[in-house]
Each structure stands twice: as structure tokens, then as C-alpha cells.
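J.: just need the structure, nothing else, for what follows:
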Amino acid sequence: MAELPATVPFVGPEAQERARGRPFRARIGANESVFGPSPRAIEAMRQAAADCWMYADPENHDLKAALAKHHGVGFENIVVGEGIDALLGYTVRMLIEPGDPVVTSLGAYPTFNFHVAGFGGKLVRVPYRGDHEDPEALLDAARREDAKLVYFANPDNPMGSWWGASEVQRLIDGLPPGTVLLLDEAYSDTAPADAIPPIDVSNPQVLRLRTFSKAYGLAGLRVGYAIGEVGLIRSFDKIRNHFGVNRMAQVAALAALEDQPYLEGVVRKIAEARERIAAIARSNGLKALPSATNFVAVDCGGDGAFARRVLEELIARDVFVRMPGVAPLDRCIRISAGTESDLAILAEALPEALRAARG
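T.: Sure, this is the predicted structure:
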């Protein structure tokens, strides 16, 4: 235990509000969907509330069946878990022994790294290339290290960048024997159609991760799922928390999945918010990076120390945002898609924050 990192991946906005003694005016830092869940999901939760005296279905049967139909795969190709974070942890627990090499990108989603450290894996990090995760470098490291796992997010968090489906397929095709690719597709719902390769559940080397936390607007319920080959998916039943996805979460996710028109409307709102964030950035002399997610990375035009000052000044003005954790990605701040009101507050606060950061 003494060797584990003495920190957490993120300090939540609630913890920051308690420390500050006041709430944020704009909560646009955690890549939540401020547009909320489908009304059908809300109604499903309302109806299910009285039944919470019962344990949830440990098989997640109805949700799994609906997901299998939605993706055109078999029921046995789906496992449901308490968000992608839990599925990452289960996967590491299932496949990694102490000392096993695990490849990821330097600056990619940090929660995965915590799971690897917790189960004794050896993290091997490769740098980003041009604000993108680098598939070729990941493959080179996997071959060199004889890695058991490779983590790759498409679209990427924290930069919002993405690769086309053909590039992702080349990564899959190039995996060395014995290596499993964790393909994190948390932002697939907001990505261009040509960024997501077809699902092939016959390949035991690929595990694809999806979530209801982003465009579906159910972050607080913790529902995610993985799509993969039958044998790989079946292995989760040996280690997962069978009652981890609660009754309310199961019915809400099912109702949200069934309301695709609402999801499409949210995706349009996210695209509009990305354009508004980019316009705000440009009006302040900053560069917004292209994004296929529900957030925009904004290059503050300096180093990580300067971007940190901008972030702190925004927080001082009650605007919650975040930033990447390592150079050179940390020259940016990361702003989640917000409502018109949220982004009006950002537009007011950003020039003041920049002036204060520049001294």
C-alpha cells in the first residue's frame, strides 16, 4: 500500500466548492452532460424508486439484451459495469499480474493508471504526437515490452482529438499475440461516424468500452459496458461485482438507450456548444483544438504554469474547468460543453482570468 500513489485522479467540483465555501456558477469541467438525461430515463427512475427495496438484477439482463440488439452483437458479447472506470479496474484485475507491462499514453486518462498501479502492473507510457495519442508508438511499445494490455481512447480525453476508423483498425491489426487492446470509446456518441471502426466480436484481443455518462447524461448513476469476444466477456463474471449496477441505473440506462431521438438532439447541442467555446477562445486570442467529444481543449498560448494560472483565475470567478496533467498537453485548459448560460459566464470570466494570469 505504501507504494501506491497517495492521490486521486480528480478533485471533484463538490470538494472544491466545500473548500471555497461557495458553489460554482458554471460547472463545465468534468465532461458531464449539462443537457441532462432523456425525460424517459427520468420517468423510468421515478417509477422504479418504489422498488428500490429489491436488489438489482445481477445479470443486468434487460439492459444487456437491449445493448446487444442496439449494436448488432450477441447477448454474450456484452458486460455491464459501474461505468468505464469499474470496467477498467476489472480488466486490469483479470489480465494483469504483478510486473506485467501495460502500455498507455503519457497524459491519457489517469484513472486507468491507478488501476494498473493498484494491481502491480508496470506502466509504460508513450508521448502524444501532435495532440493525438500515437497508435504506432503504442504498438512499438507493446511489441518491445511484450505488453499484456494497451490502453487507447478514441476520441481522446483530455485533448478531444481522434483518429479515423482505418487508423484504429491498423492498430488492432498490428497487435502482437497475447496483447489485449482496451479501446475506450466513451465519446463515440459525439464522434464522426468515420472515427469508429465496425465492431468485430470474433477478435479476443479487443475490448471496446462505452458509457452512459457522457452524451446520455447519466454520469451520476455510473453505467458503462464493454463489447468483446465471448470468452473474454465471460471472464468478467468471475470477478465483477454482480450487484454493482443498481436497479435505478439499469432502468434509466435502458430508457435512455431506447430514446435515440433525444440522444441525437443532445449531440447537436454539444456540437453547438463546442462552436461557441471555440468562438469565445478566438475572441480572446486563444486557439481551440478540434474536438470530437463533449469538451474543447483550449490552448492558452503559454506553458503549463500559465495555463494553470488561467484555470485558477477561472475557478476564482466561479467557473469550474480542468486541464491536462502533463506537458505539452498542459498548455491547454479543458472546457466541457455547457448551456447558453454557462458559456455566457465563461465569456465574461475568461478575459478577466487571462488579464489576471498575465499579471
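
J.: strands of the chain, residue ranges please.
T.: Assigned by DSSP state E, the strands in the chain fall at 26-27, 78-81, 101-105, 122-126, 149-153, 180-184, 206-211, 224-227, 287-288, 295-299, 319-320, 332-336.

J.: please identify the deepest-packed of those strands.
T.: strand 332-336 (a mean of 27; mean count of other Cβ atoms under 10 Å). All C-beta atoms are positioned from the backbone trio N, CA, C, and that covers glycine.

J.: now that one, how far from the chain's geometric center?
T.: Relative to its chain's centre, strand 332-336 lies at 14 Å (Cα atoms, centre = their mean, to the nearest Å).

J.: so for the protein, the centremost residue is which one?
T.: The residue lying closest to the centre of the chain (Cα atoms, centre = their mean) is A186, at 4.7 Å.

J.: that one against R208, yeah?
T.: No: A186 lies out of contact with R208 (Cβ atoms under 8 Å); the separation is 10.6 Å.

J.: domains for this protein, by residue range?
T.: 13-37+261-358, 39-258 (automatic domain parsing).

J.: and the residue nearest to L254 when sequence neighbours are not counted, how many neighbours does it have?
T.: Counting by Cβ to Cβ, 6 or more residues apart in numbering, the nearest residue to L254 once its immediate chain neighbours are dropped is L63, at 5.0 Å. Neighbourhood size, L63 [other Cβ atoms under 10 Å]: 24.

J.: over to D194?
T.: Other residues within reach of D194, judged by other Cβ under 10 Å, total 10.

J.: quick check: it vs D173, distance?
T.: Per Cβ to Cβ, to the nearest Å, D194 is found 17 Å from D173.

J.: who touches the residue nearest to R282 when sequence neighbours are not counted in this structure?
T.: What sits nearest to R282 in space, not counting adjacent residues and going by Cβ to Cβ, 6+ apart, is A288, at 7.0 Å. The neighbours of A288, taking Cβ atoms under 8 Å, 6 or more residues apart in numbering as the test, are R274, I277, A278, A281, R282, V296, A297, V298, D299.

J.: rerun at 10 Å
T.: If you count contacts by Cβ atoms under 10 Å, 6 or more residues apart in numbering, A288 has them with 160, 274-275, 277-282, 296-299, 332, 335.

J.: cheers, nothing more for now.
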